[in-house]
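**Q** Build me a model:
(chains A and B)
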Amino acid sequence: MTEPVHPDDNAVLHALPFPALMMTTELRIIDVNLPFRQTVMREHDTLEGVGLFDAFPARTRDVSIEGEVRASVARALRAGAVDRLPPGRHDITLPDGSFTTRYWRLSHSCVARQGAAPVILQIVEDVTEQHVGEALQAARERVASKGANVAFWDVDLTDGTLLRSPAVDAMHGFAEGEAGVDIASFLERIHPDDRQCCESVITGGAQAHFGEIDLQYRVILPEGAQRWLLMQGEVIQGPNGRAHVIGMVIDVTKAHRNEEELRTALAAYRTLLNEVNHRVKNSLQMVASILNLESNRAGGPARAQLAAASARVGAIATIHAGLYLDDDVTRVEIERQITNLCRHLSQMADCARRGIEISVKVIPIRLAPDRAISLALVINELVSNALQHGFEAPGGGRVEVILNRSDDGSGFTLTVQDDGAGSAGTHGPAGLGGRLVRMAAEQFGGTISIPHRERGWATMIQFPAEP
Amino acid sequence: MAMRVLIVEDEVFIALDLESHLEMMGHEVLGIAANKNTCLAQAEASRPDLALVDLHLAGPSSGIEAAAELRRDHGIACILVSGSLHELSPGDIERIEPLAMLAKPFSMTALTDALETADRILARRCGG
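**A** As a prediction, the model looks like this:
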């Protein structure tokens, strides 16, 4: 229901030098002027008779000023005066179908016509650039306030004058205007341990050493507090051949404090680990000593039992002695520990006099401490048993402890064998010793087998690389 | 060769066990000291060939200091015993000049080795 409007009635509209349109109170466009067409990039489209927001549909419900326009028109009608809207966003469809972001300031006034329905005159102002400019400025200010702890500086190496942003003064603990123009007063604030390095790097740049500078130094503030600063810059050739260092300073105190706290915590942890480790080793020594003392005092079968108990503690102690010898606290190197254990057993059983040799062939591997302890216990029982029962007749012999990779490569094989006088059926640890071997082997995932031997006794235990 | 030995160890069982083994090996144990002061007093009185010193002694006195003073003031050499030998600094080792070091927990084999090493070094010193 387009109003029949005579073109002449709209002469004023077309004479306006800024974008404007006329529409019905229901927002149906009656006529637009050329500046309007140019502003909304619709120079050749038919807009007359089309609803305003059908011609300029909203991009989304959130980005539309339709509601405000309707309310403004209603107010203009009611008051019979100009109604101005604050700037609002309403994006415009481009000929290729895409949208362009636009901000508009609109005003509406009612043009009463004799004997006809009232017509609304809309004055259109595109304030996009102004609005974006303000937003950009606000963003700049936000960034600037966030970057307040970044400071720029420029030192003339020829005479030591320092041009800088006020933040540089603040970072070095100077009030505004306190520090003067010379870099010397800044160098005085630097921690004595760092000062010489800073001086030589900065002023040393004067010796035509052009390149990048990266310095971290401490500043002692007037009230005694310490601050870490990071200075990065470049030595460049300035006007008149004068060398400058240009760069920035960042306050990195917080990062340094975190680093120091971590270092302290790590040191405390190491001390604690050492302390616990020391106590465990000392306590094991004490237990072994108690058993030794009791064994020396006892007589009869009790003496042998106490000696066996002492040997078992010794086997555990041997592995502990190998713990924490290096940085790998989760796995223990067993080669040396097993060798030590066997030497100990050899001495306890008086092997040299009896002509018995214990040979140890162990590949160098690392095991978790609990598995290593179980392995040591097994070796202790098997070797002790061989020494006790395998060589009752004089003439000596040989006990072999062999740890190898399994033939199928999936794990390891421990073999303890002797060439003693024992024959099948009479050997292998009995009683507590036998149970210990079975249970300890199970702990490290081992499978026990007894290979047949012409002479002596052998025990073979296969176990996986990982439990 | 039989040596005259002072044991400096504050754990009573370990000290007694050491004493028993040293005696079995044919050495003479001159006494057991549990702290630095006793250690220095006994060393002064009995002039041992060798002291077996635990690095961690009870109380504020440390085995490191005891060993260093035995060496400096009395010219008595040590075997250091500890569960944490790695805590020794190069400076400590320079001051103490230990004849041997024995890591806890130690076996009697290790103790025998340490004593034999000490004996060899002392014999060479006397001879040369």
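**Q** which residues does A:I338 contact?
**A** By CB atoms under 8 Å, 6 or more residues apart in numbering or on different chains, the residues touching A:I338 are A:T318, A:V360, A:V362, A:L375, A:A376, A:I379, A:V401, A:L403. All C-beta spots, glycine's among them, are computed from the backbone N, C-alpha and C.
**Q** go on, A:D418?
**A** A:D418 makes contacts with A:A386, A:G390, A:F391, A:G397, A:R398, A:V399, A:E400, A:G456, A:W457, A:A458, as judged by CB under 8 Å, 6+ apart.
**Q** can you tell me which of the residues you listed are in helices?
**A** Those of the contacts of A:D418 mapping onto helices are A:A386, per DSSP state H.
**Q** How many residues are close by the residue of the stretch 301-450 of chain A found nearest chain B?
**A** The minimum distance from the stretch 301-450 of chain A to chain B, using CB to the nearest CB, falls at A:A317 (3.5 Å). The number of residues packed near A:A317 is 28, by other CB atoms under 10 Å in any protein chain shown.
**Q** Quick one: name the residues of chain B near chain A.
**A** With CB under 8 Å from any CB of the partner chain as the criterion, chain B meets chain A at residues B:11, B:13-14, B:16-18, B:20-21, B:56, B:82-84, B:86-87, B:103-110, B:112.
**Q** which of those residues are buried?
**A** Among those, those classed as buried by 16 or more other CB atoms under 10 Å in any protein chain shown are B:11, B:13-14, B:16-18, B:20-21, B:56, B:82-84, B:103-110, B:112.
**Q** Just those: which are in strands?
**A** Residues from those lying in strands, with DSSP state E as the criterion: B:S82, B:A103.
**Q** can you map out the helices along the stretch 201-350 of chain A?
**A** A:253-297, A:301-322, A:335-348 (DSSP state H, counting those that start in this stretch).
**Q** any chance of these in a markdown table, plus distance to A:P464 and mean pLDDT?
**A** Below are the helices of the stretch 201-350 of chain A laid out as a markdown table (distance: least, CB to CB, whole Å; pLDDT from 0 to 100):
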| stretch | distance to A:P464 | mean pLDDT |
| --- | --- | --- |
| helix A:253-297 | 27 | 86 |
| helix A:301-322 | 19 | 84 |
| helix A:335-348 | 19 | 87 |
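**Q** Let me know which of the ones you listed is the nearest to A:I213.
**A** Nearest to A:I213 among those is helix A:253-297 (19.1 Å), distances taken as CB to CB.
**Q** avg pLDDT for the longest helix along chain B?
**A** Counting by DSSP H, the longest helix found in chain B is helix B:108-127. Helix B:108-127 carries an average pLDDT of 86.
**Q** Hey, what's the angle from that helix to helix A:301-322? Just curious.
**A** Helix B:108-127 and helix A:301-322 are oriented at 70 degrees to each other (axes from the mean of the first three to the mean of the last three CA atoms, to 10 degrees).
**Q** How far off centre is helix B:108-127?
**A** Relative to its chain's centre, helix B:108-127 lies at 12 Å (CA atoms, centre = their mean, to the nearest Å).
**Q** Check which helices and strands it sits against.
**A** helix A:335-348, helix B:12-24, strand B:77-82, strand B:100-103 (3 or more CB pairs under 8 Å, 6 or more residues apart in numbering or on different chains; DSSP states H and E).
**Q** out of these, deepest packed?
**A** Of those, the one with the most neighbours on average (mean count of other CB atoms under 10 Å in any protein chain shown) is strand B:77-82, at a mean of 23.
**Q** Tell me the helix or strand right after the lowest-mean-pLDDT helix or strand in chain A.
**A** Lowest on mean pLDDT, DSSP states H and E among the helices and strands of chain A sits helix A:128-146, with a mean of 72. Downstream of helix A:128-146, the next assigned helix or strand under DSSP states H and E is strand A:150-156.
**Q** related to what we said a few turns ago, and the two most separated of the contacts of A:D418?
**A** Distance extremes for these: the farthest pair is A:F391 and A:A458 at 15.0 Å, using CB to CB.
**Q** out of the two, which sits in the more crowded spot?
**A** Comparing A:F391 with A:A458 by other CB under 10 Å, the one with more neighbours is A:F391, at 24 against 20.
**Q** how about the nearest residue to the more buried one, chain neighbours excluded?
**A** A:G420 (4.8 Å; CB to CB, 6 or more residues apart in numbering or on different chains).
**Q** And B:P48, by the same measure?
**A** B:L6 (4.1 Å).
**Q** Pull the contacting residues for the one you found.
**A** For B:L6, the contact set (CB under 8 Å, 6+ apart) comprises B:29-31, B:33, B:39, B:42-43, B:46, B:48, B:50-52, B:76.
**Q** Can I get those residues in a markdown table including neighbour count and secondary structure?
**A** Compiled in a markdown table, the contacts of B:L6 are given as follows (neighbours: other CB atoms under 10 Å in any protein chain shown; DSSP: H, G, I helix; E, B strand; the rest coil):
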| residue | neighbour count | secondary structure |
| --- | --- | --- |
| B:V29 | 19 | strand |
| B:L30 | 20 | strand |
| B:G31 | 17 | strand |
| B:A33 | 23 | strand |
| B:C39 | 28 | helix |
| B:Q42 | 19 | helix |
| B:A43 | 23 | helix |
| B:S46 | 12 | helix |
| B:P48 | 22 | coil |
| B:L50 | 24 | strand |
| B:A51 | 25 | strand |
| B:L52 | 27 | strand |
| B:I76 | 21 | coil |
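**Q** got TSV for those, with pLDDT too?
**A** Formatted as TSV, the contacts of B:L6 follow (pLDDT from 0 to 100):
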residue	pLDDT
B:V29	95
B:L30	95
B:G31	93
B:A33	92
B:C39	92
B:Q42	93
B:A43	94
B:S46	93
B:P48	95
B:L50	95
B:A51	95
B:L52	95
B:I76	94
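**Q** what's the burial count for the residue of the stretch 101-250 of chain A found nearest chain B?
**A** Closest to chain B within the stretch 101-250 of chain A is A:D193: 22.9 Å, counting by CB to the nearest CB. By the criterion of other CB under 10 Å, A:D193 has 9 neighbours.
**Q** Same question for A:D408.
**A** 8.
**Q** What helix or strand is it located in?
**A** Secondary structure from DSSP H and E places A:D408 outside every helix and strand.
**Q** Ramachandran angles for it?
**A** The phi/psi pair for A:D408 (degrees, to the nearest 10) reads phi -80, psi 0.
**Q** Good, wrapping up.
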